[in-house]
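> Curious how this folds, go ahead:
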Amino acid sequence: MIGVRQWLRAAEAASPTQALAQRVYFGWLEFKSHRLAMVGLSVLAALVLMAAFAPWIATHDPLAQDLMFRLAGPSREHWLGTDELGRDLFSRIVYGSRTTLYIMTVVASMIGPAGLLIGTVAGFLGGRVDALLMRITDVFLAFPGLVLALAFVAVLGPGLENALIAIALTGWPGIARLARAETLTLRSRDFIHVIRLQGGSQLRIILRHIIPLCLPSVIVRLTLGMSGIILTAAGLGFLGLGARPPAPEWGSMLSTGRRFMLDHWWLAAIPGTAILLVSLACNLLGDGLRDVLDPRSKTG
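Below you'll find the predicted structure:
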């Protein structure tokens, strides 16, 4: 370990770009040794590939109805059976991965930067700005995420786009709290005082120094929070407030399947298993990233 640290210091002295490349390389080596994290990464990679190549993976049109084969069990023709309208369940699961990946990507791209910026600004400026932003954050944190999302959807109306906005409005406060805590620690460091003495503006310090240092913790928090995003989206779909039928969405498929649980259990079990696997994969990936990006979190 000492040799690696000396190598990194020498690389940093020679070239910051080379130092960054070396840190990424050794971070990847450490991440690969985390087996459960690699399992989570593999599941998410499979989700991406399934969403990208859905037209070639699916065996049927996910919207095509065949009432002659409604509620059919798994067979050679329909690998996972059919639903109450005779639609191929496997094909709907495959195309439903696109909706899940879309929700994850859009919500993460909204709550990550928003929470990071709000938290760093509040923590660095302090005073009334900090009090105002954190009181707003406390209001959002006072309600369970799904309940608050339901309230926003009730105001905005049902639909996938409105569900995305509702989930994003409930997802940023946790990231903002974390970014603020990191900023409070960083703003008293000596190098921040040196930058101030050199004439660095507050905006420059926040954008070029505070935010990059807070980014690893936020990435870990965002990855771990992906499971909550997936479950909230599935909950909205289960209640009929997400993607509108007949679009394939795992939460709405689970809602439909629950009516046939006694005789056709796979209608609910298969989309429920898909939600479980993706949520678990996000948690496993987040645990691995936490061990790599935040060594202080390691125990033992």
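
> Could you give me the buried positions within the helix or strand harbouring residue 269?
Per DSSP states H and E, residue 269 falls inside helix 266-293. Buried residues in helix 266-293, counted by 16 or more other C-beta atoms under 10 Å: 266-268, 270-272, 274-275, 278-279, 281-293. The way it works is simple: take the backbone N, C-alpha and C, and place the C-beta from them, glycine included.

> again, but for stretch 152-166
Neighbour count says stretch 152-166 has 152, 153, 160, 162, 163, 164, 165, 166 buried, by 16+ other C-beta under 10 Å.

> Can you tell me the centre-most residue of the chain?
residue 226 (2.7 Å; C-alpha atoms, centre = their mean).

> residues touching that one, list them.
Contact analysis of residue 226 by C-beta atoms under 8 Å, 6 or more residues apart in numbering lists 104, 108, 279, 282, 286.

> next one: residue 143
Contacts of residue 143 by C-beta under 8 Å, 6+ apart are 151, 170.

> For it, which three-state class applies?
With DSSP: H, G, I helix; E, B strand; the rest coil as the basis, residue 143 sits in coil.

> So for it, what's the pLDDT?
Note on residue 143: pLDDT of 86.

> Show the low-confidence segments of this protein, by residue range.
1-28, 294-300 (pLDDT under 70).

> can we see that at 80?
The model of the chain has pLDDT under 80 over residues 1-33, 191, 193, 195, 197, 199-200, 292-300.

> Can you point out the buried residues in the lengthiest helix in it?
Criterion DSSP state H: the longest helix present in the chain is helix 89-125. For helix 89-125, burial by neighbour count (16+ other C-beta under 10 Å) applies to 89-101, 103-104, 106-108, 110-112, 114-124.

> just stretch 131-148 next, same as before
Neighbour-count burial for stretch 131-148 [16+ other C-beta under 10 Å]: 133, 134, 137, 140, 141, 145, 146, 148.

> Which of the residues you listed fall within strands?
Among the buried residues of stretch 131-148, none falls in strands (DSSP state E).

> Is residue 215 within a helix or a strand, and which one?
Secondary structure from DSSP H and E places residue 215 in helix 211-238.

> any idea of the angle that helix forms with helix 266-293?
170 degrees (axes from the mean of the first three to the mean of the last three C-alpha atoms, to 10 degrees).

> now the helix or strand just after helix 211-238 against helix 211-238, angle please.
Downstream of helix 211-238, the first helix or strand assigned by DSSP H and E is helix 250-257. Following the same axes, to 10 degrees, one obtains 20 degrees for the angle between helix 250-257 and helix 211-238.

> so how far is residue 92 from residue 63?
Separation of residue 63 from residue 92 (C-beta to C-beta, to the nearest Å) stands at 9 Å.

> meant to ask about residue 218, not that
For residue 218, the distance to residue 92 - C-beta to C-beta - is 34 Å.

> Can you name every helix or strand that the longest helix of the chain contacts?
helix 35-52, helix 54-57, helix 127-141, helix 160-186, helix 202-205, helix 211-238, helix 250-257, helix 266-293 (3 or more C-beta pairs under 8 Å, 6 or more residues apart in numbering; DSSP states H and E).
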